[in-house]
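In: the following block contains a protein sequence and its predicted model.
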Amino acid sequence: MLWGYPNIQQTITFQFYPPCPEPEKTLGMQPHSDIGGITIVMQEAEGLQVFDEFNDTWELVPHYPNAFVVNIADQTEIITNGRYKSSNHRVIANSERTRRSYVTHYHPGLDHKVFPAPELVDAKVGPRYREFLYKEYLQAMRVGRVLEKRLLQSFAINNSVIS
Ligand SMILES: O=C(O)CCC(=O)C(=O)O
Ligand SMILES: [Fe+2]
């Protein structure tokens, strides 16, 4: 499988955002894209925002009780050669209430080779990302560049920005 089955790694995190007296001066979580394949989020209240690249605006993800939010993460953007975009998202702060979220990130195995699926590569465009082992992606993350999809862009062929 393109995602590295059966060595998929799953992490589960519980996020706790206390009320903030000056929410306009900070963020609950900085803008980033998730580095794995796919992310499933259950948010207890609104606060998650996704960046709308067409309008250059941050949009609030609505809260529906007992519903999951599914985020496309970087490896899915790479495997689909950019057809599915990983979301650039952040969490805003608020002064009224505590917010919790429960997040499951799915990652390929460390030694899994990641590359654009040939059947999704348009012959006129070619592969937009280079092939790599997933652990290289994690190593690159440790030296920074996680913010605003810059890590993903550093794996693009010719380091081009994908639109
Ligand atoms: O708290 C949230 O709603 C999202 C958290 C998040 O983006 C993440 O854990 O990667
Ligand atoms: Fe995230």
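Out: Looks like it came in fine. Ligands and ions are numbered 1, 2, ... in the order given.
In: how about the strands in this protein?
Out: 9-17, 27-32, 38-43, 48-52, 57-60, 69-72, 89-92, 99-107, 113-114, 132-133 (DSSP state E).
In: ligand 1 contacts on the chain?
Out: Residues of the chain lying near ligand 1 by C-beta under 6 Å from any ligand atom: 13, 15, 29, 34, 41, 43, 48, 89, 91, 101, 103. Every residue, glycine included, has its C-beta placed from N, CA and C.
In: before we move on, the earlier item: out of the strands of the chain, which gets nearest to residue 81?
Out: Proximity to residue 81 (C-beta to C-beta) singles out strand 113-114 among the strands of the chain, at 11.7 Å.
In: just give the strands next to that closest one in its sheet, each with its orientation.
Out: The strands that strand 113-114 pairs with in its sheet are strand 132-133 (antiparallel) (by DSSP bridges).
In: and the average pLDDT for the strand it pairs with is what?
Out: The average pLDDT within strand 132-133 is 96.
In: who touches it?
Out: Strand 132-133 is contacted from outside by 110-115, 155, using C-beta atoms under 8 Å, 6 or more residues apart in numbering.
In: of those residues, buried ones?
Out: Burial by neighbour count, judged by 16 or more other C-beta atoms under 10 Å, picks out 112, 114, 155 from those.
In: now the last one: how far from residue 82?
Out: Okay, so that is residue 155. 12 Å (C-beta to C-beta, to the nearest Å).
In: neighbours around the residue nearest to residue 41 when sequence neighbours are not counted, how many?
Out: Spatial nearest neighbour of residue 41, excluding adjacent residues (C-beta to C-beta, 6 or more residues apart in numbering): residue 69 at 4.2 Å. The number of residues packed near residue 69 is 19, by other C-beta atoms under 10 Å.
In: surely residue 69 touches residue 44?
Out: No - using C-beta atoms under 8 Å, residue 69 is not in contact with residue 44, being 11.8 Å away.
In: if I pick residue 47, what's in contact with it?
Out: 17, 28, 60, 91-94, 99, 101.
In: minimum distance to residue 78: which of the strands of the chain has it?
Out: strand 113-114 (5.8 Å).
In: show me what the closest one is in contact with.
Out: 4, 75, 78-79, 108, 131-134, 137.
In: mind doing that once more with 10 Å?
Out: 2-4, 37, 74-75, 78-79, 108, 129-134, 136-137, 155 (C-beta atoms under 10 Å, 6 or more residues apart in numbering).
In: now the buried members of those.
Out: 2-4, 37, 74-75, 78-79, 108, 129-130, 132, 134, 137, 155.
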